[in-house]
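Participant: need a structure here:
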Amino acid sequence: MGQQLGTWRSGGDQRAWLSMLIDTMELVARPESRAVPCDIKVLDALRAQLARPATAGIAYGSDYSFRN
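Facilitator: Sure thing, here's the model as predicted:
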C-alpha cells in the first residue's frame with residue numbers, strides 16, 4: 001500500500017485498479033493483518049480523505065470517450 005493512484009485512462013487500467021483494490025481488501029481482512037496496529041498518521045490521512053466532499057462530474061477519460 002502507500003501508492004498514490006491517479007485517474008485511469010483505459011479499461012485495462014480500470015481492471016488493474018479494481019484488482020489491486022480487491023487484493024488489498026483481501027489482505028487487510030486476514031486475521032494476521034487485522035491484529036497489526038495501524039499508524040495514527042495513516043488513520044488521520046484516511047479520515048481527512050473521507051471527510052472531503054465527493055467531487056461530482058469527474059471525467060474518467062477524454063471528453064470524446066462518451067460519443068455515440
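Participant: okay, CA-based contacts and neighbour counts for the rest of this
Facilitator: Will do.
Participant: quick one, longest helix in the protein?
Facilitator: Scanning the chain for the longest helix, with DSSP state H as the assignment, gives helix 11-29.
Participant: and it, what other elements does it pack with?
Facilitator: Contacts defined by 3 or more C-alpha pairs under 8 Å, 6 or more residues apart in numbering; DSSP states H and E place helix 11-29 against no helix or strand at all.
Participant: quick check: buried residues in that helix?
Facilitator: Along helix 11-29, not one residue counts as buried under the neighbour rule (16 or more other C-alpha atoms under 10 Å).
Participant: average pLDDT for that helix?
Facilitator: If you average the pLDDT over helix 11-29, you get 89.
Participant: can you dump the C-alpha atoms of it in CSV for me?
Facilitator: This file holds the C-alpha atoms of helix 11-29, laid out as CSV (Å, rounded to 0.1, in the frame of the first residue of the first chain):
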residue,chain,number,x,y,z
GLY,A,11,-10.4,-0.3,-19.4
GLY,A,12,-7.2,-2.2,-18.7
ASP,A,13,-6.2,0.4,-16.1
GLN,A,14,-9.6,0.2,-14.5
ARG,A,15,-9.3,-3.6,-14.2
ALA,A,16,-5.8,-3.3,-12.8
TRP,A,17,-7.0,-0.7,-10.2
LEU,A,18,-10.0,-2.8,-9.3
SER,A,19,-7.8,-5.9,-9.0
MET,A,20,-5.4,-4.1,-6.7
LEU,A,21,-8.3,-2.8,-4.6
ILE,A,22,-9.7,-6.4,-4.2
ASP,A,23,-6.2,-7.8,-3.4
THR,A,24,-5.8,-5.1,-0.7
MET,A,25,-9.2,-5.7,0.8
GLU,A,26,-8.5,-9.4,1.0
LEU,A,27,-5.1,-8.8,2.6
VAL,A,28,-6.4,-6.5,5.3
ALA,A,29,-9.3,-8.9,6.0
